[in-house]
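Trainee: compute the structure for the input listed below.
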Amino acid sequence: MKTSKIASCLLVYGFAHALVDASCIVLLLGGIDVRGELLTYVVIYNLLAFGLQLPFGWIVDRIHWPVVSAVLGLGILSVGLMLFIHPIAAIILAGIGNALFHVGGGTVSLNLRPGKAAMPGVFVAQGGIGLFAGGLILKLYGFHPGILALSLLGMGVVVFLIKSPSIIYEIGKEKSVNYLELTILLLLMTICIRSVVGLSVDFTWKTNLPLLVGLTAAIALGKGLGGFLADYFGWIKIAVGGLAISSILLLFGPQVAAAGIMGLFFFNLTMPITLVAISNLLPGRPGFSFGLTTFAVVAGALPTFFKTKVILSTSPVILISIILSAVTLYFGLRLLQSITTKTETIPT
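Mentor: Reported below is the predicted structural model:
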């Protein structure tokens with residue numbers, strides 16, 4: 001694809017991603033009557049939205065319909081919004097719609113520049129922006145499901161019409177990986193730990209709106225720029241170096257806002273690297289690869305929904321967790337270098 005077409009495709013899918021996550025957070029926090037059971041609905045939604053991406057990705061890889069998956073996800077989510085008076089039905093549909101969109105959009109982003117981390121990083125970064133925007137929209141304008149549903153349907157039309165890249169589904173026999181299972185396990189452990197830490201860090205200064213905007217921007221920039229930096233300077237340098245810097249900065253994050261903001265910027269540089277690393281290990285299965293990473297995310301998120309978060313949010317535990325994440329990621333990427341192919345070099 002030409003650069004202009006790649007940019008257009010990424011812009012459309014990125015905006016749709018932000019809109020999907022904004023719609024889900026608006027529905028969850030302002031659209032349904034949770035009757036004091038918000039935590040239950042949050043857990044159900046996350047299990048569906050993140051957990052279903054693995055089986056959906058497996059299916060999409062076999063029927064080769066990532067665009068249809070994304071459009072269908074947008075449509076199902078719009079229905080969920082309109083059924084807000086039925087909380088369980090609305091949350092189930094929102095989770096399913098979210099999962100379908102992410103699998104389709106993630107597959108497309110992985111194939112805009114196959115093997116590179118930049119494009120998926122930009123795509124995934126829009127999720128955090130959408131969550132923040134959704135909370136802001138809810139606070140300023142309230143819950144208007146009709147507008148959101150129409151916006152989602154409109155984006156579905158645009159996603160369907162925009163030219164998407166050719167998806168690589170062929171599984172080449174010439175590519176071999178030493179210790180494939182161990183490599184994938186180490187990378188998934190890194191993602192799981194990143195999820196735990198990301199949801200455990202607690203900054204009291206986040207109640208300050210300008211600082212919260214800065215924090216959201218830093219997280220999005222970390223994910224968005226991480227892939228570009230990694231492709232240029234090397235995956236290990238950026239990923240492990242970013243985690244090392246973040247481990248120091250996040251120690252001071254609760255007291256010093258600038259340290260917390262910069263710490264989470266460096267911390268999130270790893271996101272696109274781990275995503276594309278797993279995709280490279282499983283050629284021809286982009287949807288399944290994307291689903292594996294989100295399954296690790298929800299696995300890491302679960303402990304933070306309960307009383308264990310009190311322990312997980314302490315500075316020593318966060319420091320140890322980040323160090324462990326850096327170690328597992330380092331060895332995972334080193335093992336990734338055992339990939340042998342005639343046409344590709346892994347920028348580690």
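
Trainee: and the residue positioned nearest the centre of the chain, what element?
Mentor: The residue lying closest to the centre of the chain (CA atoms, centre = their mean) is V124, at 4.8 Å. Assessed by DSSP states H and E, V124 sits inside helix 118-141.

Trainee: and that helix, what does it pack onto?
Mentor: Under the contact criterion of 3 or more CB pairs under 8 Å, 6 or more residues apart in numbering; DSSP states H and E, helix 118-141 touches helix 3-26, helix 87-110, helix 209-233, helix 271-281. C-betas here are computed from N, CA, C, even on glycine.

Trainee: can I get the CA coordinates of it in PDB?
Mentor: Output of helix 118-141 as PDB, limited to C-alpha atoms (Å, rounded to 0.1, in the frame of the first residue of the first chain):
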ATOM      1  CA  ALA A 118       4.900   1.300  14.500                       C
ATOM      2  CA  MET A 119       1.400   0.900  13.000                       C
ATOM      3  CA  PRO A 120      -0.100  -1.400  15.600                       C
ATOM      4  CA  GLY A 121       1.200   1.000  18.300                       C
ATOM      5  CA  VAL A 122      -0.600   3.900  16.800                       C
ATOM      6  CA  PHE A 123      -3.800   1.900  16.500                       C
ATOM      7  CA  VAL A 124      -3.800   0.600  20.100                       C
ATOM      8  CA  ALA A 125      -2.900   4.000  21.500                       C
ATOM      9  CA  GLN A 126      -6.200   5.400  20.500                       C
ATOM     10  CA  GLY A 127      -8.000   3.200  23.100                       C
ATOM     11  CA  GLY A 128      -6.700   5.200  26.000                       C
ATOM     12  CA  ILE A 129      -7.600   8.400  24.300                       C
ATOM     13  CA  GLY A 130     -11.100   7.000  23.800                       C
ATOM     14  CA  LEU A 131     -11.500   6.000  27.400                       C
ATOM     15  CA  PHE A 132     -10.500   9.500  28.600                       C
ATOM     16  CA  ALA A 133     -12.700  11.200  26.000                       C
ATOM     17  CA  GLY A 134     -15.600   9.000  27.000                       C
ATOM     18  CA  GLY A 135     -15.300  10.000  30.600                       C
ATOM     19  CA  LEU A 136     -15.100  13.600  29.700                       C
ATOM     20  CA  ILE A 137     -18.100  13.400  27.400                       C
ATOM     21  CA  LEU A 138     -20.100  11.800  30.100                       C
ATOM     22  CA  LYS A 139     -19.200  14.500  32.600                       C
ATOM     23  CA  LEU A 140     -19.900  17.400  30.300                       C
ATOM     24  CA  TYR A 141     -22.800  16.200  28.200                       C
END
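
Trainee: am I right that L148 is in a strand?
Mentor: No: membership of L148 in a strand is not supported by DSSP: H, G, I helix; E, B strand; the rest coil, which gives helix.
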